[in-house]
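> just coords:
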C-alpha cells in the first residue's frame, strides 16, 4: 500500500478523511498543503493534516492535485487550529476557514511559484522565549509599553502582532505606527477587509516584507514566519471574545499561539481580568505596574444617587441637568450614554408579558418613529400593536430608551443641539455640530476631545445586566476604560440607585487591587472562574418533548464524567424562557479544572450513551460571559 494523507475538507463532514498519494505527487505532499480531493461527485479544497496516519485499511481515492505548491499553514498554525477546535468544541474545518482566507481556497489554473513561508529566524528575542507580561496602568503608559515592544521587534528584524478588541482601536494604532515605519512595513488586518487587501497582507507577511500587524481576532491566524512577540491591547475588553461562529477568546488564543511559537506575550490592561490577576498572584505570569501619569489624567468622578430624588422611570437628575446647563453656558459639549435603544418596551397590562420577537423570543423595542417594534437580536421589524397576542389585553409602554431621553432633553434644554446616535457605525454628529451627544456606547475619538465637558451614564445600574457572576467585574472594567479615555478637565457622572455596590465603591476610590481581591474571595466560595473553568453545553430543538427527554437522560452521563475527575461538577438543566433562533433550549453548566480532559472523557463515554436525535443541535460556549 502506498503512502496516505489525512486531510480536512473545508465545509466537509466535520472529521478528517484519508486519501492516497499518487506516484506523481510523491514527495510533494506535506502537512499544511492545500490540495484538491474528490468527495462524492465533486472536488473540494482541503488541508493536509498528517502523512501515513489514519486507521482505514480499505482502498483509498487519490488526491486530485495541489492547489498551491507550498504549504499555506505552518506546523505551528496547524497546532493552534487543533487546539482552538478541541478547546472551544468546534469542527476543525470551521477553524481552518479562519486560518486560510477565501482567496487561497479558490482554484487557480496556474500556481504561484514563490514560497509562502520565509525561513524562520530563531534569533529573534531568543533570550526570553515564551513568557507572559501583564502591564497595568494608564492609557498613555500602556501605549508606550506596546510602542517599546514594536521598536524592539523592528531592531531585531522579527515580526510582531498587536491585537485589539475593536476595529477602531486597530485603525487608530495603525495610523500612529504608519508614521514610524516605512511604507508597506506595517499592516492593518480586520474582518472588513476585501480579498485584494487580504492577499497583499498575506503575501507580505509570508515573504517577510511586512514586519508588524495591527489587527483584530482574525489576525491571530495570519502566517508569521519570524514572529518574535505578541501584544494584546486592553486584554479585559469584552470585544476580544467572538460572539458568533467559533466563540473563542482572542486573549486566550493569543497566549496559546505565543506558547506554540515560543515567543513572549505582552498583555496591557487598565483594570485586569480576574484570570490574569490571579495568575500574576500565583507567579504564573509577570506583572508590570506602569508608572502613573503626572499630573494625574483621571477625571473627576461623581456618583448620583437616584433612589431618593427621582420617581421610578425618570433618568435626568437635577445634578446632571445642572452640569448640562453649565456646559452649554461655558460653550462646552456634553456626552450622555444610555444603553437602551428606541423609545421604550411594550408589555401587556392584563397578563404582564413583554412583547417579544416571534423568532428568537427577545423583548421588542418600541421605536416611536414610524418603524413600530424592532428586535435587537435578529434585527427584524414589526408593525406597532395595540393588543397582546396571547390574551388580547391592552399594551402599555415601559422603560425609557434613548429616543425618549432625547425628547426629555429637548423639553428641559430648549435650543440645545442634540444628536442621537443609536448605532456604533453612525458617526458622532454631522461635522461635530452638536452640544449634547446621546449614544449607546462611548464614541471613539469624541470622549477625548478637549471641548467635551461632562460625560454622564444615565443608567449605571444597567452595567450590572445581564446578572451573572461576572457582572460586577464587567461594570468595574467598563468604568475604568471609560475614565481612562477622559482627561483631567472632565467630569464623569454615574446615575445609579445603588451607589453602595462594591464595583462602584472601589471605582470611586480608584482601588484596583482591593476590588480584585474582594471579587476573587467571593468567587472562591462557589469555585467560580477563575478558580475553575466553566463551559455551557447548550442543546436546542424545535420539539420541546424531544429536548426534555434528552435533558432527563443526559445528567447520568455528566455524573459519570464528573466522578472520574477531581473537582468536576455539573448543574442544570436550565430552560430559558427566550427561544434561541426560534428553538427551545436546555443548558448545562459544567465546572472543572481541565476542560480538555473533561471533553475527551465525555466524547469517549457518549459512544455508549446512544445516538441523539438529528433534530437536536448541540453547541458549546467555553469560558462564557
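Happy to help now that I have it. Worth saying up front: this structure is predicted, and the values here are computed from it rather than measured.
> identify the residue nearest residue 224 in space, chain neighbours excluded?
Of all residues not flanking residue 224 in the chain, residue 159 sits nearest, at 4.7 Å (C-beta to C-beta, 6 or more residues apart in numbering). Quick note: C-beta positions are derived from backbone N, CA and C, even for glycine.
> over to residue 518?
Nearest one to residue 518, counting by C-beta to C-beta, 6+ apart, is residue 502 at 6.1 Å.
> any idea how far residue 527 is from the one you found?
Separation of residue 502 from residue 527 (C-beta to C-beta, to the nearest Å): 20 Å.
> what do you get for residue 213?
As judged by C-beta to C-beta, residue 213 and residue 527 stand 39 Å apart.
> between those two, tell me which one has more neighbours.
The neighbour comparison of residue 213 against residue 527 (other C-beta atoms under 10 Å) goes to residue 213, with 22 against 13.
> what sits against residue 624?
247, 534-536 (C-beta atoms under 8 Å, 6 or more residues apart in numbering).
> tell me the two of those that are most distant?
247 and 534 (13.0 Å; C-beta to C-beta).
> common neighbours of these two, please.
Contacts common to residue 247 and residue 534, judged by C-beta under 8 Å, 6+ apart, are 622, 624.
> compare the two (neighbour count), which wins?
residue 534 (21 against 18).
> and the closest residue to that one other than its chain neighbours, what helix or strand is that in?
Once flanking residues are discounted, residue 534 sits nearest to residue 591: 5.7 Å by C-beta to C-beta, 6+ apart. With secondary structure defined by DSSP states H and E, residue 591 is part of strand 584-592.
> contacts for the next helix or strand along the chain from that strand, please.
Following strand 584-592 in sequence order, the next helix or strand is helix 595-605 (DSSP H and E). Helix 595-605 is contacted from outside by 86-87, 89, 533, 535, 557-558, 560-561, 564-565, 568, 590, 592, 622, using C-beta under 8 Å, 6+ apart.
> 10 Å - rerun?
Helix 595-605 is contacted from outside by 83, 86-89, 532-535, 537, 557-558, 560-562, 564-565, 568, 570, 590-592, 594, 609, 620, 622-623, using C-beta atoms under 10 Å, 6 or more residues apart in numbering.
> among those, name the ones in strands.
Under the assignment DSSP state E, the contacts of helix 595-605 contribute 533-535, 537, 570, 590-592, 620, 622 to strands.
> could you pull up phi and psi at residue 130?
Per-residue torsions, residue 130: phi -80, psi 120 (degrees, to the nearest 10).
> okay, now it: neighbour count?
13.
> ok, now residue 509?
Residues lying near residue 509 (other C-beta under 10 Å) number 10.
> from residue 502, how far out is it?
Counting by C-beta to C-beta, the gap from residue 509 to residue 502 is 11 Å.
> is it true that the residue nearest to residue 534 touches residue 572?
No - if you go by C-beta atoms under 10 Å, residue 591 and residue 572 don't touch, sitting 11.2 Å apart.
> which one of the two is surrounded by more residues?
Counted by other C-beta under 10 Å, residue 591 and residue 572 do not tie: residue 591 has more neighbours, with 21 against 16.
> which regions of the stretch 151-300 of the chain lie under the pLDDT threshold?
By pLDDT under 70, the low-scoring segments of the stretch 151-300 of the chain are 293-296.
> could you look up the SS state of residue 529?
Recorded secondary structure, residue 529: coil (DSSP: H, G, I helix; E, B strand; the rest coil).
> my guess is it contacts residue 623. True?
Yes - counting by C-beta under 10 Å, residue 529 sits close enough to residue 623 to count as a contact (6.9 Å).
> and for those two, which residues touch both?
With C-beta under 10 Å, 6+ apart as the test, residue 529 and residue 623 both reach residue 275.
> mind listing what residue 257 touches?
Here residue 257 is in contact with 76-77, 79-80, 83-84, 161, 163, 220-221, 224, 227, 230, 263, 265 (criterion: C-beta under 10 Å, 6+ apart).
> list phi and psi for residue 305.
Per-residue torsions, residue 305: phi -80, psi 120 (degrees, to the nearest 10).
> is the residue nearest to residue 534 in a bridge, and if so with what?
residue 534, residue 569 (DSSP bridges).
> can you check residue 232 too?
residue 163, residue 267.
> just to check, it is in contact with residue 265?
Yes - counting by C-beta under 10 Å, residue 265 is a contact partner of residue 232 at 7.1 Å.
> helix or strand: which one has residue 415?
Residue 415 belongs to no helix or strand, assigned by DSSP H and E.
> quick check: the gap between it and residue 152.
Counting by C-beta to C-beta - residue 415 and residue 152 are separated by 54 Å.
> neighbour-wise, which of the two wins?
residue 152 (15 against 7).
> ok so the more buried one is a helix residue?
Yes - using three-state DSSP, the assignment for residue 152 is a helix.
> the residue nearest the centre of the chain: what's it in contact with?
Residue closest to the average C-alpha location in the chain (C-alpha atoms, centre = their mean): residue 241, at 1.7 Å. Contact partners of residue 241, counting by C-beta under 10 Å, 6+ apart, are 165, 217, 247-252, 621, 623-625.
> need the phi and psi values for it.
Torsion angles, degrees, to the nearest 10, at residue 241: phi -90, psi 130.
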